[in-house]
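**Student:** fold the following, please.
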Amino acid sequence: MIRKLLVVFLSILSLALILPQGSSALAQAVPRVSPGEVEQFIQYAYRLRTNAVSNLGVLSQLGQIYAPNSQKLWEYEQRRAEFWRHWADSYGQLVSFTSTASLIPQTFKQEGSVISVQAREILTITWKPNMESFTSGPLKHWQEKLNQAKNDSERKEAMEAIEELRGFPEIVNSKVGVTHFLTLLWTGREFQIVKDGYSEVSKGGEFPASPDFPSTPLSKYPPDKAQPSPPKGTSNKANSSLPMWYTQCTYYRNDAVNYARQYANNYNPYYRDFTYEGGDCANFCSQSIYAGNQVMVWPYMYGTPWWYDHHGTYDPSDDTYSSDQLNRHNWNTTRNLDFLTDQTRASVTDGDQNAAANLLAGDLVDWRDDSHEVIVDTPGNPPLVNGHTDDWLQHPLPTGNYHLYHLYDQYYVGGP
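**Tutor:** Predicted coordinates:
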């Protein structure tokens, strides 16, 4: 009886969040737990969340892992299960919904009975597309383009688009990478979730982030260093027209898409990660199209609107990059795609989800409110896209209003 009263007493104190400030003796009375024990609980909790999507009977069991003062989070989790249960209705038939989760060890911290930690979860949504809706409209569009082609280049583009649409996958494994900011309560016998801040698909406007999602997480890097001055003889201003000399280059769509697939849920450690600095979407798209041979204009890099410099090291904390937000030419922020049209690398049109169906693999989509951008993985209606923050792999482009960037296979850049 005394033990039960002690457990209740410790729980009440922890939920009031008074342990961190002043009860070292009480904190010592709470057993320490290992990161491995916490990871096992997180994996168990997220398996329940996953099962609740397809099994309503699991919801009552799921509710037991949340602390009594986490009612808003528990209500959100019930709405989340409902959202994912019907997610595929607009696209086809849901086959399976699974997740894997792992603790991020360096984020583990225990103060008394309160534990703060971050976890990484990968959701895999396996579904069968409604092939008629995904391919019929775009196929008709590109067949007309083929019939009206005026030259070999237009004919080649239309034929490749038709081939890609006819190869649209019959089964799609869409993936969503999620970082969770967790606060747990350790009662001495079990863990309870007090807070779980995360965002799965809010950037597409499909479902909001959890009520505990931090709007301004701390940066993993120090404040930006001043960007270097351009070399002598170059201009500080972004070029808005072709130089006197220029070079023809080729954009390799498959290379851009393959890079995006590789790093959609696994960040490339060679580049700075802006997830905790307002979002990583533009940085990810810049990396992807750079992998597809969208070139930086050497030796005039610092006088051009789009560049990234590693300074010869593998440590991204000392990297610099184009960041002239006033002129809307950037490597790492939204509204950074003007350089594509200024340098005659792409054309841009405004459109909705249906208009995006005519894009090709390796093209880009920018939300018209400048909040997000993604790269097209697989053409279709809607196309499947890859992106960061939220981290998507072959996720259907949500309904919305967009700037649609069609990148040219052949383009020109300045240089000797």
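**Student:** could you pull out the strands for the stretch 251-400 of the chain?
**Tutor:** For the stretch 251-400 of the chain, applying DSSP state E, counting those that start in this stretch gives strands covering 308-309, 320-321, 323-324, 329-330, 346-351, 364-367, 373-378, 384-387, 391-396.
**Student:** residue 143: what's it in contact with?
**Tutor:** 158, 162 (CB atoms under 8 Å, 6 or more residues apart in numbering). C-beta coordinates here come from the backbone N, C-alpha and C atoms, glycine included.
**Student:** now name the helix or strand holding it.
**Tutor:** helix 131-147 (DSSP states H and E).
**Student:** what does residue 51 give?
**Tutor:** Short version, using DSSP H and E: residue 51 is in helix 35-54.
**Student:** what helices or strands is that helix leaning on?
**Tutor:** helix 59-63, helix 71-85, strand 92-111, strand 114-129, strand 172-186, strand 191-197 (3 or more CB pairs under 8 Å, 6 or more residues apart in numbering; DSSP states H and E).
**Student:** may I see these organised as TSV, with distance to residue 335 and mean pLDDT added?
**Tutor:** Output for the helices and strands packed on helix 35-54, formatted as TSV (distance: least, CB to CB, whole Å; pLDDT from 0 to 100):
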stretch	distance to residue 335	mean pLDDT
helix 59-63	40	89
helix 71-85	29	94
strand 92-111	31	94
strand 114-129	29	96
strand 172-186	24	96
strand 191-197	27	97
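**Student:** among these, which is nearest residue 304?
**Tutor:** strand 172-186 (31.7 Å; CB to CB).
**Student:** the closest one: which residues count as buried?
**Tutor:** 172, 174-186 (16 or more other CB atoms under 10 Å).
**Student:** ditto for stretch 198-212
**Tutor:** 198, 199, 200, 201, 203, 204, 206, 207, 209, 210, 212.
**Student:** who touches it?
**Tutor:** Under CB under 8 Å, 6+ apart, the answer for stretch 198-212 is 72-73, 76, 79-80, 83, 121, 123, 176, 178-181, 183, 195-197, 213, 279, 281, 371-372, 387, 389-390, 392, 395, 397-400.
**Student:** rerun that using 6 Å as the cut-off
**Tutor:** In this structure, residues lying in contact with stretch 198-212 by CB atoms under 6 Å, 6 or more residues apart in numbering are 72, 76, 83, 176, 178, 180, 195-197, 213, 372, 390, 398.
**Student:** of these, closest to residue 35?
**Tutor:** Nearest member of the contacts of stretch 198-212 to residue 35, counting by CB to CB, is residue 180, at 14.5 Å.
**Student:** tell me the bridge partners for that closest one.
**Tutor:** residue 119 (DSSP bridges).
**Student:** quick one: contacts for it?
**Tutor:** Neighbouring residues of residue 180 by CB under 6 Å, 6+ apart: 119, 196, 198.
**Student:** just put those in TSV and tack on distance to residue 40.
**Tutor:** Formatted as TSV, the contacts of residue 180 follow (distance: CB to CB, whole Å):
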residue	distance to residue 40
119	12
196	17
198	19
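**Student:** nearest to residue 61, of the residues you listed?
**Tutor:** Nearest to residue 61 among these, with distances taken as CB to CB, is residue 196, at 16.7 Å.
**Student:** quick one: the helices in the stretch 251-400 of the chain?
**Tutor:** 253-263, 281-291, 338-342, 353-356 (DSSP state H, counting those that start in this stretch).
**Student:** against which helices or strands is the first one packed?
**Tutor:** So the one you mean is helix 253-263. helix 281-291 (3 or more CB pairs under 6 Å, 6 or more residues apart in numbering; DSSP states H and E).
**Student:** from the chain's centre, how far out does the helix it packs on sit?
**Tutor:** Helix 281-291 sits 12 Å away from the centroid of its parent chain (CA atoms, centre = their mean, to the nearest Å).
**Student:** begin at 586 from now on, thanks
**Tutor:** With 586 as the first residue, the last one maps to helix 866-876.
**Student:** same question for it, mean pLDDT?
**Tutor:** Throughout helix 866-876, pLDDT has a mean value of 96.
**Student:** one more: stretch 954-965?
**Tutor:** 93.
**Student:** could you do stretch 795-812 as well?
**Tutor:** Mean predicted confidence for stretch 795-812 is 63.
**Student:** show the pLDDT at residue 631.
**Tutor:** Confidence for residue 631, expressed as pLDDT, is 96.
**Student:** my bad, should have said residue 886
**Tutor:** 58.
**Student:** rewinding a little: just the angle for the helix holding residue 728 relative to strand 958-963, thanks.
**Tutor:** For helix 716-732 against strand 958-963, the angle by axes from the mean of the first three to the mean of the last three CA atoms, to 10 degrees is 90 degrees.
**Student:** and the two most separated of the buried residues of stretch 783-797?
**Tutor:** 789 and 797 (20.2 Å).
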